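K.L.:
sequence first, then the predicted structure:
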Amino acid sequence: MPGGRLTQQDRQQIALWLADGLAYAEIARRLDRPTSTITREVMRNGGPTTYRADLAHRATERRAHRRRQAAPQGPEASPQPYGRDAEAVREYEETLTTVLMQAGTPKMMARVLACLHLADAGSLTTSELVQHLQVSPASISKAITFLESQDLIRRERDERRRDRYVVDDDVWYQSMIGSAHATAHLAEIARQGVGILVPGTPAAARLENIARFVDFVSESIVRAAEQAREILHTKPGAPSGGTVMPGSDRG
């Protein structure tokens, strides 16, 4: 049964196997650990090309020391809801953050996004994010600005007129649609280049192929997002079969 924290010897093996070009899944198999553990370990310590076992081990010890110092004591320590394992939740939050970073989200933005997704309410205020992530309000503000620009969160006012930052099913739909529109714009620009570079020339043909490929991908994203929204977000008990599903007339 895999378990326990990575040792310095484990990290030395990881460094050697990364140098040999082994995939995270194979390293995880050899160490009898989850692939997510290896992925998080490598990505938080420089990535596969710059990972160093000694630096990774010291960084992990420093993080553990800071967590012990920051951990609330006595009555201030609030238990996790629903009987959740607090350590398992913390580890999972780090894993989700790492995966978001691998997908291209900057570190602080990934931390905020992961935090919002793991909040049962699906929303948090700036002060709640500051308290949870132990960072400055300015860092949160910068992350929020980025996430809003990507349509990955939305802003609401609560009853105390505070801004709350929300993630829900519709946020991901809107983000996918926004991504598809940006992709379609790339196709449009590529086709403009075809005329400028003269149709039939090698450069123009390359741009035309880009436009056709990107058009296909963009249309597929929109179609898949619409279908997923209708199928996955239809409330239980809605008519099925030959009956048109609610909202199917949306463009």
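P.N.:
Sure, I can see it. Residues are numbered from 1 along each chain as shown.
K.L.:
pull the longest helix from the protein.
P.N.:
helix 202-232 (DSSP state H).
K.L.:
so who does the residue nearest the centre of the chain touch?
P.N.:
Central residue of the chain (CA atoms, centre = their mean): Leu100, 2.8 Å from the mean position. Contacts for Leu100 were tallied using CB atoms under 8 Å, 6 or more residues apart in numbering; they are 109-110, 113-114. Glycine gets a C-beta too; all of them are placed from N, C-alpha and C.
K.L.:
quick one on the thing from earlier: buried set for the longest helix of the chain?
P.N.:
204, 207-208, 210-211, 214-215, 217-218, 221-222, 225-226, 229-230 (16 or more other CB atoms under 10 Å).
K.L.:
one step back: of all the contacts of Leu100, which comes closest to Tyr24?
P.N.:
Ala110 (17.8 Å; CB to CB).
K.L.:
what's the first helix or strand after whatever helix or strand that closest one lives in?
P.N.:
In this assignment (DSSP states H and E), Ala110 forms part of helix 107-118. Following helix 107-118 in sequence order, the next helix or strand is strand 123-125 (DSSP H and E).
K.L.:
quick one: contacts of that next one?
P.N.:
115-116, 132, 156, 158, 162-167.
K.L.:
shaky segments in the stretch 1-150 of the chain?
P.N.:
Scanning the stretch 1-150 of the chain for pLDDT under 70 picks out the ranges 1-4, 65-78.
K.L.:
show me where it has its helices.
P.N.:
8-19, 24-31, 35-43, 53-70, 86-102, 107-118, 126-133, 137-149 (DSSP state H, counting those that start in this stretch).
K.L.:
looking at those helices, which is closest to Gln174?
P.N.:
The nearest among these, by CB to CB, is helix 137-149 at 11.1 Å.
K.L.:
what residue ranges in the stretch 151-251 of the chain score low on pLDDT?
P.N.:
In the stretch 151-251 of the chain, residues with pLDDT under 70: 234-251.
K.L.:
and the closest residue to Val214 other than its chain neighbours, which helix or strand is it part of?
P.N.:
Distances taken as CB to CB, 6 or more residues apart in numbering place Ala187 nearest to Val214, at 4.1 Å, with adjacent residues excluded. Per DSSP H and E: Ala187 is located in helix 169-196.
K.L.:
just checking, what packs against that helix?
P.N.:
With contacts taken as 3 or more CB pairs under 8 Å, 6 or more residues apart in numbering; DSSP states H and E, helix 169-196 sits against helix 202-232.
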